[in-house]
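[1] Predicted model, plus sequence, below.
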Amino acid sequence: MPEVSDILIDCFKKVMFRFRPHHLVCFLSFQGKGYNSDFVNRVSEILAVLKDNSQEKLISVAQGCDNACEKCPNRNYEKCEDDEVVCEKDDAYLKLLNIKYGSKLSFSDMQKIRTQVHKDDFTKICRYCQWFDICFNNLFQ
């Protein structure tokens with residue numbers, strides 16, 4: 001399980017994760033594969049907490065690196081090594097999902113995103129991602 005230092009707990013004792021916009025979609029299609037075992041373990045831990053119904057969880061839409069990025073080998077301090085491309089994905093999902101940085105979502109809200117992202121949108125936004133095929137198959141087949 002994530003350590004308390006890894007997540008935020010707001011004044012109402014709700015667990016709060018920070019997700020950059022494109023990670024809202026990535027997490028919905030996660031299949032236990034990733035850049036390395038540390039990254040896969042981190043994403044798996046976050047998903048386990050989100051799926052556990054014992055405590056209310058919120059996801060804050062974050063600009064820049066988020067909780068999933070903490071163990072990503074492509075993280076270079078507070079930026080992704082491919083920051084320009086990643087930020088373009090984030091901007092595209094902000095527009096598509098009609099959300100803003102700082103928006104708060106429940107895990108249930110996040111799961112509903114699956115119905116808002118269509119094949120054409122996903123392909124346009126994520127077509128160059130190395131995980132495209134895995135995510136596409138999980139989201140649409």
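    That came in fine, so what should we check first? Residues are numbered from 1 along each chain as shown.

[2] Let me see the contact set for the closest residue to Y101 other than its chain neighbours.
    Spatially, and ignoring its direct neighbours in sequence, Y101 is nearest to Q63 (4.7 Å; Cβ to Cβ, 6 or more residues apart in numbering). No exception for glycine: its C-beta is placed from N, CA and C like everyone else's. Residues in contact with Q63 (Cβ atoms under 8 Å, 6 or more residues apart in numbering) are 20, 90, 101.

[3] Just the residues you listed: which are in helices?
    Counting by DSSP state H, those place D90 in helices.

[4] now the contacts of Q63 as TSV including distance to A48 and pLDDT?
    Listed next are the contacts of Q63 as TSV, based on distance: Cβ to Cβ, whole Å; pLDDT from 0 to 100:
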residue	distance to A48	pLDDT
R20	20	94
D90	25	96
Y101	26	96
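
[5] out of the contacts of Q63, who has the most neighbours?
    Neighbour counts for the contacts of Q63 (other Cβ atoms under 10 Å) peak at R20, which has 24 neighbours.

[6] quick one: pLDDT of the residue nearest to Y101?
    We have a pLDDT of 93 for Q63.

[7] Three-state assignment for it, please.
    With DSSP: H, G, I helix; E, B strand; the rest coil as the basis, Q63 sits in coil.

[8] how near is it to D90?
    For Q63, the distance to D90 equals 8 Å [Cβ to Cβ, to the nearest Å].

[9] got any residues that touch both of these two?
    R20.

[10] Residue nearest the middle of this structure, spatially speaking?
    Central residue of the chain (Cα atoms, centre = their mean): H23, 2.3 Å from the mean position.

[11] Quick one: mean pLDDT over the helix or strand that one falls within.
    If you go by DSSP states H and E, H23 is part of helix 21-28. Average pLDDT, helix 21-28: 94.

[12] Show me the contact partners of it.
    With contact meaning Cβ under 8 Å, 6+ apart, helix 21-28 is reached by 19, 43, 46-47, 50, 59, 61, 66, 68, 86, 89-94, 97, 99, 105, 110-111, 113-114, 117, 122, 125-126, 131, 135, 138-139.
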